[in-house]
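J.: Provide a 3D model corresponding to the input given below.
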Amino acid sequence: MNVHASLAAAALILASITACSPEANKTVEPASAPATAPSPDFHAFRIGTLEATALRDGVITLPNAADESPWADTAAARTVLTAAGQPGDVIHLSVQPLLVRDGGRVVLIDTGAGGRMGTQNRLVGSLRAAGVDPTLVTDILISHAHGDHVGGLVGADGSLTFPNAVVRISEPEWEYMKAGAARAGEAALLAAVTPKVQPFAPGAQVTPSIKAVPLTGHTPGHSGYEIVSGTGRLLYIGDAMHSSVISVQRPEWINGWDTDSAAGVATRQGLLERGTADSLRIYGVHFPFPGLGRFERRDDGFVWAPER
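T.: Numbering: from 1, shown residues only. The predicted structure is shown next:
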C-alpha cells in the first residue's frame, strides 16, 4: 500500500470514526467535584455538561537522532520543528491522562508512565490536586498497551494504583498486551491488573457518554475515545499522533513506533480531514499540556491550534 496516501484507506478511517449512539447523546448530570485550588498539574474544562480534567504526568524527551526518533529523516524533522518555533535537536512529548466525570462514574483515560521513560510520575499527585483520590476512580479506559499509557496502573510496590476501578481495553489490544507482557518485562503488571480487566469489542459504547473509536495502525487494538454530552464533543486520539508539529504537519511520514505503518498514515490523514471538516475538539495525550485544541488547514496542509 502507498503510505503517502491512499484516499480509499483514509475514507475508511473517516467512516469508522462515526458519531456516537443516541444513548451517548443523552445529557448526563456530572458528579459534583470538590472545590480545588489552582494548580499547574491539572486543567479543568467541560465537555457539554461533563466535568473533565487534564492531568499532568510528565514529559518524554527524545533526542532528534537516528537511534531515538520514530521519524527516520531527522534532518527533515529538524526543519519542521524549527519552522514551528521549537528546538530542532529534541522532541518533547507531554503525557497527560484525561479524567471525565460521567454521571456517577469517575473515568480515567490512560494512566501515564508510572515514572518510566524518563517521566516524572506526577499523575497521582495531579489527581489529588484536582480533588480526586485514586480510590474514587471507577473506570479506567486504556487506549493501548504501551508503557506510557499502562505504566501507572500499578505503583512501585506492584499494587494497584486504582484499586476500585475496572480496566477497559479493546479485545484485540488485550490479546496484544498479554502476548507481549513477558517479552516487555510486564508480567507482574499483567498479573496485577488481569482480575480487573473487562475487554470490549472495538467501537463499543464503554460508558454512557464515551464511545471507543478504532484508530488503527499504532497497535493492533489501539482505541481513541469520543466523549459526547449534548452539543459538546471531544475526541481523545491516544497515540494516533505523537507530536503536535510533526504528526500534524507531516502525517504521511512513517512513524517507527506504529505496528502497521500504512494504517497509521491513513488514520492520521483521516483524523485531520474529519477534525477540520467538523471543527472537532481534540485531546492529544502527547501534545503540549493540556493537550486541548483543534486541527486547522493552512496552505496545503494542517496545523495544531491549541485551545486558549
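J.: At which residues are the helices of the stretch 1-150 of the chain located?
T.: For the stretch 1-150 of the chain, applying DSSP state H, counting those that start in this stretch gives helices covering 7-16, 74-83, 123-129, 147-150.
J.: what mean pLDDT does the first one have?
T.: Per-residue pLDDT values across helix 7-16 average out to 41.
J.: okay, which residue is most central for this protein?
T.: Gly238 (2.3 Å; CA atoms, centre = their mean).
J.: That one contacts Pro97, correct?
T.: No: when contacts are counted by CB atoms under 8 Å, Gly238 is not listed as touching Pro97 (10.8 Å). Heads up, the C-betas are built off the backbone N, CA and C, glycines and all.
J.: For these two, list the residues in contact with both.
T.: Between them, Gly238 and Pro97 share these contacting residues under CB atoms under 8 Å, 6 or more residues apart in numbering: 110, 285.
J.: What are the boundaries of the helices in the stretch 151-300 of the chain?
T.: Taking DSSP H, counting those that start in this stretch to define them, one finds helices in the stretch 151-300 of the chain at 171-181, 187-193, 246-249, 261-278.
J.: Quick one: distance of the last one to the chain centre.
T.: For helix 261-278, the separation from the chain centroid amounts to 15 Å (computed by CA atoms, centre = their mean, to the nearest Å).
J.: Check which residues of that helix are buried.
T.: Within helix 261-278, the residues that qualify as buried are 261-275, counting by 16 or more other CB atoms under 10 Å.
J.: likewise the first one?
T.: Buried positions in helix 171-181, judged by neighbour count with 16+ other CB under 10 Å: 172-174, 176-177, 181.
J.: and which of those residues is nearest Gly115?
T.: Distances from Gly115 to the buried residues of helix 171-181, taken as CB to CB, are shortest for Ala181 (18.6 Å).
J.: Give the closest residue to that closest one in space, chain neighbours not counted.
T.: By the measure of CB to CB, 6 or more residues apart in numbering, the closest residue to Ala181 outside its immediate chain neighbours is Leu190, 4.0 Å from it.
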